[in-house]
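# Output the structure for:
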Amino acid sequence: YDISPRDWSSDVCSSDLANPALMPAAFEAWCVHQRQAGKLRRGASETVYRAMWMALSDWCAARSSPLGLDDLSTRRLNAYLASRTGLLDAQGALSPRYQWRLLNLVQRVQAHAASQRQLPAPQSAARLIASLPAVRAANAGERNEPPSHLPAVSFDALLAHLQSPVPAAARWQVMRDRCGVALQLGAGLGPGDVRALRLDDVVSLGGPVAQQPWQLRVAANGSAPAHVAAVAPWAGALLKAWLAVRVQQALGGDWLFPSTRSGKPWGKVAQYESARRVLADAGLDADGGGSFRLRHTFALRQLASGIDADRLARWLGVVDPTVIQRYLQALPDRGLGSPAQANQEPGQAAQSIWVLPV
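Numbering: from 1, shown residues only. Now for the predicted structure:
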């Protein structure tokens with residue numbers, strides 16, 4: 001991405017932005033401008049924006065009459081959002097917050113391209129945001145929208161993939177990536193929590209092998225205090241398998257999930273991309289909603305199974321009661337399956353998550 005603004009802006013300004021081939025160029029020009037202004041750092045945020053933009057660019061290029069940046073009218077942007085319905089998960093749609101981030105990105109890229117040509121900024125994205133109450137609310141910081149999560153069919157698909165045999169020739173990172181996703185989906189960890197885990201944070205309590213009772217000591221992160229997380233039995237089995245692989249491969253360092261054989265810590269972007277690959281390999285949309293939906297799925301399924309809200313808050317390290325309230329409000333009619341199915345593995349009888357002692 002080390003390309004000067006002149007390289008991109010000269011191409012964009014001297015060419016017709018109705019040309020679909022310039023969609024990526026317009027985004028790169030905006031990125032360069034944002035970095036120079038100190039408003040965008042290379043990392044996970046830029047990676048998310050890039051994934052959003054590439055998905056939009058691919059859609060524009062696939063039209064019978066390909067679309068360029070200047071062609072993104074309110075009607076066409078609305079058609080794009082409609083086309084993404086069902087791609088985030090098998091029974092859902094892009095969350096209002098994700099839609100707002102996408103439309104806001106379009107507005108900012110269009111405005112930058114227009115400023116380079118000394119033209120007024122297009123208002124198509126802004127008009128669409130204004131016409132969608134839920135998207136407007138996401139921008140306003142209202143917290144009533146249910147968190148993005150996986151419904152039962154997508155949960156089952158991802159779980160089946162995580163539990164499927166790892167190819168014999170696969171690199172050790174494949175098992176690491178699967179286990180990292182498993183601890184988000186089966187222990188409610190956020191991406192930062194996963195990266196911060198050290199070997200000493202993993203505690204096996206013994207007991208029946210089938211139940212795989214584990215604890216994870218999660219370090220304080222931002223407003224979240226240090227806490228102990230519960231691990232679902234199926235996720236505990238993957239954790240045990242990963243620990244065995246870690247020993248077999250003689251991986252160094254004390255990080256639970258190192259990025260290299262010598263034991264370097266797992267980077268934010270690298271872990272983000274690894275989660276995207278796992279989701280894609282399971283047949284889920286890797287670009288819609290990020291991996292935090294896995295943590296949200298864990299929370300919602302535990303509440304649906306009858307876990308007490310206060311206990312769930314302790315498992316998640318949540319101190320803000322409005323966070324749990326959002327989960328409680330999201331329970332009815334959200335495609336999570338019945339409470340008896342909340343921890344059910346495909347083809348098996350319903351089972352309860354191992355409960356931490358009070």
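
# which residues does Leu284 contact?
89, 150, 154, 157-158 (Cβ atoms under 8 Å, 6 or more residues apart in numbering). For glycine as for every other residue, the C-beta is placed from the backbone atoms N, C-alpha and C.

# my bad, Gly192
Contacts of Gly192 by Cβ under 8 Å, 6+ apart are 221, 268.

# pLDDT weak spots in the stretch 151-300 of the chain?
206-212, 222-223, 286-290 (pLDDT under 70).

# could you show me where the helices are in it, in order?
152-163, 172-187, 191-196, 233-248, 268-281, 292-304 (DSSP state H, counting those that start in this stretch).

# ok, back up a step: could you export the contacts of Leu284 as a markdown table, including distance to Ser305?
What follows is these, written out as a markdown table (distance: Cβ to Cβ, whole Å):
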| residue | distance to Ser305 |
| --- | --- |
| Asp89 | 19 |
| Leu150 | 15 |
| Ser154 | 17 |
| Ala157 | 20 |
| Leu158 | 18 |
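
# sorry, back to before: using a markdown table, please lay out the helices of the stretch 151-300 of the chain together with distance to Ser45.
Converted to a markdown table, the helices of the stretch 151-300 of the chain look like this (distance: least, Cβ to Cβ, whole Å):
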| stretch | distance to Ser45 |
| --- | --- |
| helix 152-163 | 25 |
| helix 172-187 | 19 |
| helix 191-196 | 13 |
| helix 233-248 | 28 |
| helix 268-281 | 10 |
| helix 292-304 | 13 |
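
# and Thr47, which of the ones you listed is closest to it?
helix 268-281 (5.5 Å; Cβ to Cβ).

# what's that closest one packed up against?
Packing contacts for helix 268-281, counted by 3 or more Cβ pairs under 8 Å, 6 or more residues apart in numbering; DSSP states H and E, involve helix 44-61, helix 152-163, helix 172-187, helix 191-196.

# could you dump those helices to a markdown table with distance to Lys240?
Output for the helices and strands packed on helix 268-281, formatted as a markdown table (distance: least, Cβ to Cβ, whole Å):
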| stretch | distance to Lys240 |
| --- | --- |
| helix 44-61 | 29 |
| helix 152-163 | 13 |
| helix 172-187 | 9 |
| helix 191-196 | 16 |
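
# ok, and which of the ones you listed has the densest surroundings?
helix 172-187 (a mean of 24; mean count of other Cβ atoms under 10 Å).

# Just name the closest of the contacts of Leu284 to Ala299, please.
Proximity to Ala299 was ranked across these by Cβ to Cβ; first place goes to Leu150, at 11.7 Å.

# Just to be sure, the closest one is in a strand?
No. Leu150: not assigned to a strand; according to DSSP: H, G, I helix; E, B strand; the rest coil it is coil.

# what about it, how many neighbours?
A total of 30 residues lie near Leu150 under the criterion other Cβ atoms under 10 Å.

# Please apply the same query to Pro151.
18.

# that older thread, closest to Asp70 among the contacts of Leu284?
Asp89 (32.5 Å).

# So for Trp242, which of the helices and strands packed on helix 268-281 sits nearest?
That would be helix 172-187 among the helices and strands packed on helix 268-281, by Cβ to Cβ, at 3.9 Å.

# May I have the closest one exported as PDB, CA atoms only?
In PDB, the C-alpha atoms belonging to helix 172-187 read as follows (Å, rounded to 0.1, in the frame of the first residue of the first chain):
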ATOM      1  CA  TRP A 172      -0.100 -26.200  12.600                       C
ATOM      2  CA  GLN A 173      -1.700 -22.800  12.000                       C
ATOM      3  CA  VAL A 174      -4.900 -24.500  10.800                       C
ATOM      4  CA  MET A 175      -5.600 -26.000  14.200                       C
ATOM      5  CA  ARG A 176      -4.600 -22.700  15.900                       C
ATOM      6  CA  ASP A 177      -7.100 -20.800  13.800                       C
ATOM      7  CA  ARG A 178      -9.900 -23.200  14.400                       C
ATOM      8  CA  CYS A 179      -9.300 -23.200  18.200                       C
ATOM      9  CA  GLY A 180      -9.200 -19.400  18.200                       C
ATOM     10  CA  VAL A 181     -12.600 -19.200  16.600                       C
ATOM     11  CA  ALA A 182     -13.800 -22.000  18.900                       C
ATOM     12  CA  LEU A 183     -13.000 -20.000  22.000                       C
ATOM     13  CA  GLN A 184     -14.900 -17.000  20.600                       C
ATOM     14  CA  LEU A 185     -17.900 -19.100  19.700                       C
ATOM     15  CA  GLY A 186     -17.700 -21.500  22.600                       C
ATOM     16  CA  ALA A 187     -16.300 -19.400  25.500                       C
END
